[in-house]
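S.K.: Sequence and predicted structure are below.
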Amino acid sequence: MHEQDESIKGFPYRAVSGGLLAMFLAFGVGRFAYTPLLPLMLERTGLAVDMAGYLATMMYLGYLSGSLVVTRTLASFGATRMLGCGLILLVLASAAMSGGDLFGYWACVMFGIGVSSAMVFLATLSLVLGVFLDYGAGWLTAFLYAGIGAGIVLIGLAVPEIGQAASWREAWFFVALAALLVGILCLFLLRPYGRKQQQGQSTAVAWPTPGAKRSAYYLIAAYFLHGFAYTIGGTFMVAMLAEFPGLQGQAHSGWILIGAMVIPSCMAWPFVASRLGEVKTVTILLALLALANLIMVAWPTQSGILVAATVFGSTFLTIPGLVLGRLAKLAGSQKDQITGLATILFGIAMALGPSVGGYVAKLTGSFDRSLFMAAITLLAAAGISMLAEPTKSVEECAAAIQGEA
């Protein structure tokens, strides 16, 4: 059979399609299925809000642990095999969530979901980032995050209905079935890139431009703060919406709105970044995300919440794609190592966010202080990201080197 061999002169459709499905699975299903199911679990299992935060933290600890293991073993194990194992674990763990009713059991399963998310995510980056950089568009990485928005919308529409008609257990089983079907297609699309990695030799150099490491470290610091702040809203958004008059029973609609906004934003902002630059675009997005958190506090009406949800959905998932795409461009041949480091630190931040946010919410009796804390953190991240703008762009330095040659 003739093997498809995408030319870098043409748009990398297969890499984008497989990457979109991988993001749908790793985050839209693996991570954010918990958010629309949380109100139902709080209502029917007696789960306390701080314990719900700890469950989310276990998932993020699993993501962190998985990131550490994958970063150390990806080169020897192989990205395609890592992707396959991650998909299998995601299906099994999602199905396991429908069984048992003890906090300790749920915590272990959520940890497994987090591990699978890291495996799928990092394996996918290893497979497609080089393709995007060869095409001259590292910002395409942010485009993949539209798959997460699709996951949020589809899972957000389905699981509350299934949960109300049957139970939260059947809703988790549906999540597992969706992961199985989409995972088969995802592996089919991305598998050829694993063979090309084994056959090809990379000609990229590590840290090809002056100041690249400095820019990368500032960007990673901003990324860490973003990870801490966005998981507060990302974990408790539906539960927060359910507290507002007129939204009881419809809170999941706000989460679906967020997911719906992710899709066009992950298509539009990457093109803005291709003109303005990834770093400047990330700074703008961090400031807008801080504004979304402040709107939730300062404008506690149905209109205000809808505005906040729209801004939140339009910003929070574009940031990781732009950051990781920029880091890969800065690091050259060290792209797997630097994106792995960024993912590990991001995992630490995500593990802290829900626990701290849930504890503060329980202590104060509302989510206002948690949201305000998230907003201040995001503004600090925006300030740090401004320092990541290099004096000379990677593209200018590359052009200068080619001119000298």
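M.R.: Thanks, I have it.
S.K.: Apart from its chain neighbours, what residue comes closest to Val82?
M.R.: Check again: residue 82 is Met, not Val. Using CB to CB, 6 or more residues apart in numbering and skipping residues adjacent in sequence, the residue nearest Met82 is Ala123, 4.0 Å away. Where you see a C-beta, it was placed from the backbone N, CA and C, and this is true even at glycine.
S.K.: The helix or strand where the one you found lies packs against which elements?
M.R.: Remark: Ala123 resides in helix 103-135, with elements defined by DSSP states H and E. Applying 3 or more CB pairs under 8 Å, 6 or more residues apart in numbering; DSSP states H and E, one finds that helix 103-135 contacts helix 13-23, helix 49-77, helix 79-96, helix 140-143, helix 168-199, helix 318-331, helix 335-364.
S.K.: and the helix or strand in which Leu225 is found with helix 49-77, angle?
M.R.: Counting by DSSP H and E, the element that carries Leu225 is helix 212-241. Relative orientation of helix 212-241 versus helix 49-77 (axes from the mean of the first three to the mean of the last three CA atoms, to 10 degrees): 140 degrees.
S.K.: Which elements pack onto helix 212-241?
M.R.: Contacts defined by 3+ CB pairs under 8 Å, 6+ apart place helix 212-241 against helix 34-45, helix 49-77, helix 251-276, helix 278-298, helix 302-313, helix 318-331, helix 335-364, helix 368-386.
S.K.: Of those, which is nearest Gly194?
M.R.: Nearest to Gly194, of all these, is helix 49-77, at 11.0 Å by CB to CB.
S.K.: Which neighbouring elements make contact with that closest one?
M.R.: Using 3+ CB pairs under 8 Å, 6+ apart: helix 49-77 touches helix 34-45, helix 79-96, helix 103-135, helix 212-241, helix 335-364.
S.K.: Low-confidence ranges, the stretch 1-150 of the chain, go.
M.R.: By pLDDT under 70, the weakly predicted segments of the stretch 1-150 of the chain are 1-9.
S.K.: give me that answer again for 80
M.R.: Within the stretch 1-150 of the chain, the stretches with pLDDT under 80 are 1-10, 30-32, 35-36, 38-40, 42-50, 53, 100-101, 136-139.
S.K.: and if you look at the stretch 151-300 of the chain?
M.R.: 160, 163-164, 166, 194-210, 233-256, 300.
S.K.: Would you check that Leu83 makes contact with Ser116?
M.R.: No. Judged on CB atoms under 8 Å, Leu83 makes no contact with Ser116 at a distance of 10.5 Å.
S.K.: which parts of stretch 124-144 are buried?
M.R.: The neighbour-count check on stretch 124-144 (16 or more other CB atoms under 10 Å) flags 124-133, 135, 137-144 as buried.
S.K.: try stretch 27-44
M.R.: 27-42.
S.K.: May I have it as PDB, with CA atoms only?
M.R.: Extracted C-alpha coordinates of stretch 27-44, given in PDB (Å, rounded to 0.1, in the frame of the first residue of the first chain):
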ATOM      1  CA  PHE A  27      -8.100  17.000  27.800                       C
ATOM      2  CA  GLY A  28     -11.600  17.400  26.400                       C
ATOM      3  CA  VAL A  29     -12.400  13.800  27.500                       C
ATOM      4  CA  GLY A  30      -9.600  12.900  29.900                       C
ATOM      5  CA  ARG A  31      -9.500  16.000  32.000                       C
ATOM      6  CA  PHE A  32     -12.700  18.100  31.500                       C
ATOM      7  CA  ALA A  33     -15.300  15.300  31.600                       C
ATOM      8  CA  TYR A  34     -15.000  15.700  35.400                       C
ATOM      9  CA  THR A  35     -16.200  19.300  35.300                       C
ATOM     10  CA  PRO A  36     -19.800  18.800  33.900                       C
ATOM     11  CA  LEU A  37     -20.200  15.700  36.000                       C
ATOM     12  CA  LEU A  38     -19.100  17.400  39.200                       C
ATOM     13  CA  PRO A  39     -22.500  19.000  40.200                       C
ATOM     14  CA  LEU A  40     -24.200  15.600  39.700                       C
ATOM     15  CA  MET A  41     -21.600  13.800  41.900                       C
ATOM     16  CA  LEU A  42     -21.800  16.600  44.500                       C
ATOM     17  CA  GLU A  43     -25.600  16.100  44.600                       C
ATOM     18  CA  ARG A  44     -25.900  12.300  44.500                       C
END
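S.K.: That stretch: how far from the chain's middle?
M.R.: 16 Å (CA atoms, centre = their mean, to the nearest Å).
S.K.: again, but for stretch 22-30
M.R.: Chain-centre distance of stretch 22-30: 8 Å, with CA atoms, centre = their mean.
S.K.: Please enumerate residues in contact with that stretch?
M.R.: 83, 86-87, 90, 94, 113-114, 116-117, 120-121, 123-124, 144-152, 154-155, 175, 178-179, 182-183, 186, 190, 259, 317 (CB atoms under 8 Å, 6 or more residues apart in numbering).
S.K.: before we move on, what about stretch 219-230?
M.R.: So stretch 219-230 is contacted by 279, 282, 286, 289-290, 293, 316, 319-320, 323, 326-327, 330, 338, 341-342, 345-350, 352-353, 356, 373-375, 377-378, 380-382, 384-385, 388 (CB under 8 Å, 6+ apart).
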